[in-house]
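> Fold the following for me, if possible:
(one chain, ligands or ions: 1)
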Amino acid sequence: MITIERIGALREQCDDARRRECSVGFVPTMGFFHDGHVSLMEAARSAHDLVVVSLFVNPTQFGPTEDLDAYPRDAEGDARRAAAAGVDVLFAPLIEEMYPRPMLTSVRVEGVTDGLCGASRPHHFGGVATVVTKLFSIVGPCTAYFGKKDYQQLVVVRRLAADLDIPVEVVGCSIVREPDGLAMSSRNAYLSSDERPAAAVLYRALEGAIKNVMSGERNVARVRDAAVEIVSTEPLMSLEYAEVVRGDDLASVTQLENGVEYVIALAARAGATRLIDNATFQIDGHDIHFDLYGFGTPRET
Ligand code: AMP
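Numbers count the residues shown, from 1 in each chain. You can find the predicted model right below:
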């Protein structure tokens, strides 16, 4: 694995690979790698000749009161894990490399950024969309791997690539969880020893909502309430939102229909730590397909 800090050098590596008819798999990250990140690297490794991982804690996607300065970092550990996952190129630019001058240009994806996390983090997805567009422009034609853990981000990135005709295929990968169901996240490192087990209630809430659908519930408010009730049993967690929306465009719905993919998405705080989680599901006649580790058969989308 080589580590590259310069945009020009990364572009050269990727252009050179494509000239040799090698495909490029790309995994954008903010580092502090866990098994969720590694699963994306492995998905890219299994399908592509050149695997590129970017590690950049993008300041423009953090709000003024958010955890940019505290965001966990471990450059050496990350390099070791990426190399062990078979990554070819680790792109780890400094902030000055990505933002050498004040940005007069930004990418704003409308509609799908209004609800869920966009409601409480009004500038977050603008920062994400702009940095992902820059990274796609640097890496060039490739397949990019994103986790469904950040489901709204996945929808935003798919939409910006489609709307701007960016030649990047966006692949969404299943959420990797801890044994008790907690979705892996770099931010789990902030949790205290009391908060850590309490946080698994989010998984149980998703599970409870899906069981509700399996037992025949089709009313969205009642499915949502099943999740809310479960989170409320955990005094250390305070719920920010629980929503069931359409999976492709995050549109609000009132009644669940056959053949449509939905996502039930949650955000909650344990003390100062904000956690998100979700599960996708689809009703096919008497069958419910869902993507919730340990509780069914994951599906690729
Ligand atoms: P981050 O470093 O948090 O920006 O995440 C980088 C990528 O890893 C994003 O596409 C995330 O959705 C994905 N990711 C984070 N946590 C998980 C997880 N538990 N399972 C699968 N993918 C994840």
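> Which other helices and strands does the longest strand along the chain contact?
Identified as the longest strand of the chain according to DSSP state E is strand 273-284. Contact partners of strand 273-284 among helices and strands, from 3 or more CB pairs under 8 Å, 6 or more residues apart in numbering; DSSP states H and E: helix 201-214, strand 261-270, strand 287-291. For glycine as for every other residue, the C-beta is placed from the backbone atoms N, C-alpha and C.
> near the ligand at all, that strand?
No: applying CB under 6 Å from any ligand atom, one finds strand 273-284 separated from the ligand by no less than 8.9 Å.
> Give me the angle between that strand and strand 261-270.
Following axes from the mean of the first three to the mean of the last three CA atoms, to 10 degrees, one obtains 160 degrees for the angle between strand 273-284 and strand 261-270.
> between strand 273-284 and helix 201-214, how big is the angle?
Using the same axes, to 10 degrees: strand 273-284 against helix 201-214 is 20 degrees.
> where do the strands sit along the stretch 1-150 of the chain?
With DSSP state E, counting those that start in this stretch, the ranges of strands along the stretch 1-150 of the chain come out as 2-4, 24-29, 50-55, 89-91, 142-147.
> Can you tell me who whichever residue of the stretch 101-250 of the chain sits closest to the ligand pairs with across the strands?
Closest to the ligand within the stretch 101-250 of the chain is residue 147: 2.2 Å, counting by CB to the nearest ligand atom. Beta-bridge partners recorded for residue 147 (DSSP bridges): residue 173.
> tell me the contacts of it?
Going by CB atoms under 8 Å, 6 or more residues apart in numbering, residue 147 touches 36, 39, 40, 154, 172, 173, 175, 176.
> next one: residue 142
14, 23, 24, 25, 26, 48, 52, 136, 168, 169 are the contacts of residue 142 under CB under 8 Å, 6+ apart.
> And those residues, which of them are buried?
14, 24, 25, 26, 48, 52, 136, 168 (16 or more other CB atoms under 10 Å).
> tell me which of the residues you listed is nearest to the ligand?
Looking across the buried ones among the contacts of residue 142 and measuring by CB to the nearest ligand atom, the closest to the ligand is residue 26, at 10.8 Å.
> Let me know the distance separating that closest one from residue 283.
34 Å (CB to CB, to the nearest Å).
> is any part of the longest helix seen in the chain close to the ligand?
For the chain, the helix reaching the highest residue count under DSSP state H is reported as helix 124-139. No: Helix 124-139 does not reach the ligand (CB under 6 Å from any ligand atom); its nearest approach is 8.8 Å.
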